[in-house]
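Asks: Give me a model of this one.
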Amino acid sequence: MLDISNFRKKINEKSRLIGIDPGKRRIGVAICDENRKIATPLKTLEKKEFHIFKKELDSLIKEYNIDGIVIGHPLKTDGTSGNSAQSAKDLAINLSKNISLPIILWDERYSSEGAFKIIRDLQENSSKKQERLDRDAAAFILQGFIDYLNK
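Replies: Now for the predicted structure:
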């Protein structure tokens, strides 16, 4: 895992990133354009064994020509870590051992809340909203990161 300055040094000026919102049952995935201006929700993956998740992630990395990975780090509102934050950190560590792309943890406080506000009025059933929530939260995380990166 890298800090922001080292992550920035390792990615190309024009590069696509993938954002991950790790959850207990599902993992939201989003990507951004090569100019790193807009994050777009991509899909929701079911949380399975790590090797299955890695295989699905590898496929997305190749398909979309991804140069870096941004993983949501769900800190508590006071900035401390809990079980979810440790789980995200463990995911980042495991990925960094198996994928050569730069990886960064990004504070995702309020990302699910922000994504929920975006989709709450959609005329979809609740299971569709939940699936959409995960990938929208990933886009919310990635958009926050690329906005910071572009300052």
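
Asks: Give me the most central residue, this protein.
Replies: Nearest residue to the geometric centre of the chain (C-alpha atoms, centre = their mean): residue 20, 1.9 Å.

Asks: Name the SS class of that one, please.
Replies: strand (DSSP: H, G, I helix; E, B strand; the rest coil).

Asks: do residue 48 as well
Replies: Three-state call for residue 48 (three-state DSSP): coil.

Asks: what's the pLDDT at it?
Replies: For residue 48, the pLDDT comes out at 85.

Asks: Give me the distance between it and residue 10.
Replies: For residue 48, the distance to residue 10 equals 28 Å [C-beta to C-beta, to the nearest Å]. Every residue, glycine included, has its C-beta placed from N, CA and C.

Asks: Between the two, point out the one with more neighbours.
Replies: residue 10 (14 against 11; other C-beta atoms under 10 Å).

Asks: Tell me, what's the model's pLDDT at that one?
Replies: Listed pLDDT for residue 10 reads 95.
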